[in-house]
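A.B. asks: turn this into a structure:
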Amino acid sequence: MPDRARTTTRNDSDTTTPDDRRRYMSGPAALLGGPANVIMQLSHAPVGRGVVESTVESGRFDLHPRKRGRTTLTYLAVAMLGTDEDRAAYRAAVDTSHRQVRSAAGSPVRYNAFDPHLQLWVAACLYRGTADSLDFLYGGIEDDVADELYRDAAAFGTTLQMPAELWPADRAAFAEYWDRMTGEISLDDEVRRYLLEQVVDLGPYRWFERLAFRRVNRFFTTGYLPPAFRDELGLAWSPRRQRAFDLVMRSIGHLTAVMPLRWRLHPFETYLHDMRIRQAEGKHLV
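C.D. replies: Numbering: from 1, shown residues only. So this is what the prediction gives:
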């Protein structure tokens with residue numbers, strides 16, 4: 001993402017419509033970059049411990065990877081494309097699970113899923129992943145569009161309990177926040193093992209799925225990760241792999257640029273539609 005930032009006083013994430021926000025979203029990029037974003041989020045010790053120690057069995061990636069993936073992609077769709085009513089409904093559903101995610105007496109790190117500062121970190125990772133995807137796919141975007149994306153990305157946090165004023169004021173302020181936070185990333189042995197075995201090497205999936213996709217997943221996950229996170233996990237990378245990653249991502253970008261919008265937005269709109277149906281039928285949303 002371009003480093004240049006333009007100061008703005010417009011902080012309301014609802015100043016653009018879902019139709020406007022569609023320009024930022026790419027289903028293929030979300031699927032390829034999703035594991036790296038999980039790693040970034042869990043590299044903040046309270047978030048990592050919260051996931052590893054979670055007692056919410058139905059929401060654990062290591063037990064229900066497809067369900068967890070659907071829940072995450074639905075959240076992104078609701079935050080960026082949904083109505084205020086969609087967000088309120090999904091917030092209530094996520095809150096039901098988050099109430100159970102808090103550190104126990106023996107946890108080495110204190111955490112609470114309702115902590116707005118932890119939600120800020122997760123939102124920051126989601127924004128950074130979105131901005132990086134636009135760089136990888138299209139070589140970046142114009143400054144005014146980047147500013148607009150940044151404002152809208154506050155919805156990644158405000159859809160839950162993060163107050164809007166906690167979102168850094170502009171991209172320059174975000175860069176300072178990001179640099180400070182990435183300087184504090186820390187993985188203990190248990191979280192590192194969880195990320196390598198479950199997220200990078202597709203531990204929860206069936207053996208033939210791991211055989212078919214593990215190397216591909218490791219390649220894209222490592223390529224998507226900023227160097228600090230890559231180094232923390234000990235994932236090997238090289239200039240040759242970087243050139244291959246850049247070439248593949250730019251090729252995907254050329255392809256997605258000419259795709260019909262409904263294809264490029266898959267599976268976001270599909271999951272948003274499914275969430276609305278489940279709500280109407282009185283089913284669980286997460």
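A.B. asks: and the most centrally placed residue in the chain, what element?
C.D. replies: Nearest to the mean C-alpha position of the chain, counting by C-alpha atoms, centre = their mean, stands residue 126 at 3.7 Å. Per DSSP states H and E: residue 126 is located in helix 116-138.
A.B. asks: picking up where we left off before, the residue nearest to the centre of the chain reaches residue 40, doesn't it?
C.D. replies: No: Residue 126 is beyond contact range of residue 40, at 9.0 Å (criterion: C-beta atoms under 8 Å). To be clear about C-beta, it is placed using only N, CA and C from the backbone, and glycine gets the same treatment.
A.B. asks: circling back to that earlier point, quick one, grab the pLDDT at the residue nearest to the centre of the chain.
C.D. replies: pLDDT, residue 126: 97.
A.B. asks: list the contacts of it.
C.D. replies: Residues near residue 126 by C-beta atoms under 8 Å, 6 or more residues apart in numbering: 37, 76, 153, 156.
A.B. asks: which of those are buried?
C.D. replies: 37, 76, 153, 156 (16 or more other C-beta atoms under 10 Å).
A.B. asks: one step back: and the contacts of residue 126, which two are furthest apart?
C.D. replies: Using C-beta to C-beta, the contacts of residue 126 span at most 12.9 Å, a distance reached by 37 and 153.
A.B. asks: counting neighbours, what do you get for residue 282?
C.D. replies: 6 (other C-beta atoms under 10 Å).
A.B. asks: just give the number of residues close to residue 220.
C.D. replies: Neighbour tally, residue 220, other C-beta under 10 Å: 20.
A.B. asks: in space, what's closest to it - neighbours in sequence excluded?
C.D. replies: residue 32 (4.6 Å; C-beta to C-beta, 6 or more residues apart in numbering).
A.B. asks: contacts only, for residue 111.
C.D. replies: So residue 111 contacts 46, 47, 49, 50, 101, 102, 103, 118 (C-beta under 8 Å, 6+ apart).
A.B. asks: return a ChimeraX selection command for the buried portion of the residues you listed.
C.D. replies: Selecting only the buried entries of these in ChimeraX, with 16+ other C-beta under 10 Å as the criterion:
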select :46,47,49,50,101,102,118
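A.B. asks: which one of the contacts of residue 111 sits closest to residue 169?
C.D. replies: residue 118 (20.1 Å).
A.B. asks: tell me the contacts of the closest one?
C.D. replies: 44, 46, 47, 50, 111, 112.
A.B. asks: let me know the angle separating the host helix or strand of the third one from helix 116-138.
C.D. replies: Assigned by DSSP H and E, residue 47 belongs to helix 45-52. Here helix 45-52 runs at an angle of 90 degrees relative to helix 116-138 (axes from the mean of the first three to the mean of the last three C-alpha atoms, to 10 degrees).
A.B. asks: tabulate the buried ones among the contacts of residue 126 (TSV), appending pLDDT and distance to residue 63.
C.D. replies: Converted to TSV, these look like this (pLDDT from 0 to 100; distance: C-beta to C-beta, whole Å):
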residue	pLDDT	distance to residue 63
37	97	20
76	95	22
153	96	30
156	96	25
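A.B. asks: now the helices for the stretch 51-200 of the chain?
C.D. replies: 65-81, 84-98, 116-138, 143-153, 155-158, 171-182, 189-194 (DSSP state H, counting those that start in this stretch).
A.B. asks: can you say which of the ones you listed is packed in most?
C.D. replies: helix 155-158 (a mean of 26; mean count of other C-beta atoms under 10 Å).
A.B. asks: please name every helix or strand in contact with that one.
C.D. replies: helix 65-81, helix 116-138 (3 or more C-beta pairs under 8 Å, 6 or more residues apart in numbering; DSSP states H and E).
A.B. asks: show me the contact partners of stretch 85-92.
C.D. replies: Applying C-beta under 8 Å, 6+ apart, the external contacts of stretch 85-92 come out as 74-75, 78-79, 82, 155, 159-160, 272, 275-276, 279, 285-286.
A.B. asks: ok, now with 7 Å
C.D. replies: The set of residues external to stretch 85-92 that reach it, using C-beta atoms under 7 Å, 6 or more residues apart in numbering, is 75, 78, 79, 159, 160, 275, 279, 285.
A.B. asks: what's the nearest residue to the second one if we skip its chain neighbours?
C.D. replies: Translated: residue 78. residue 90 is the one closest to residue 78 (C-beta to C-beta, 6+ apart), at 4.6 Å.
A.B. asks: ok, the nearest residue to residue 184 once chain neighbours are set aside - how many residues close by?
C.D. replies: Leaving aside its sequence neighbours, residue 184 sits nearest to residue 44 (C-beta to C-beta, 6+ apart; 7.6 Å). Around residue 44 sit 24 other residues, with neighbours defined as other C-beta under 10 Å.
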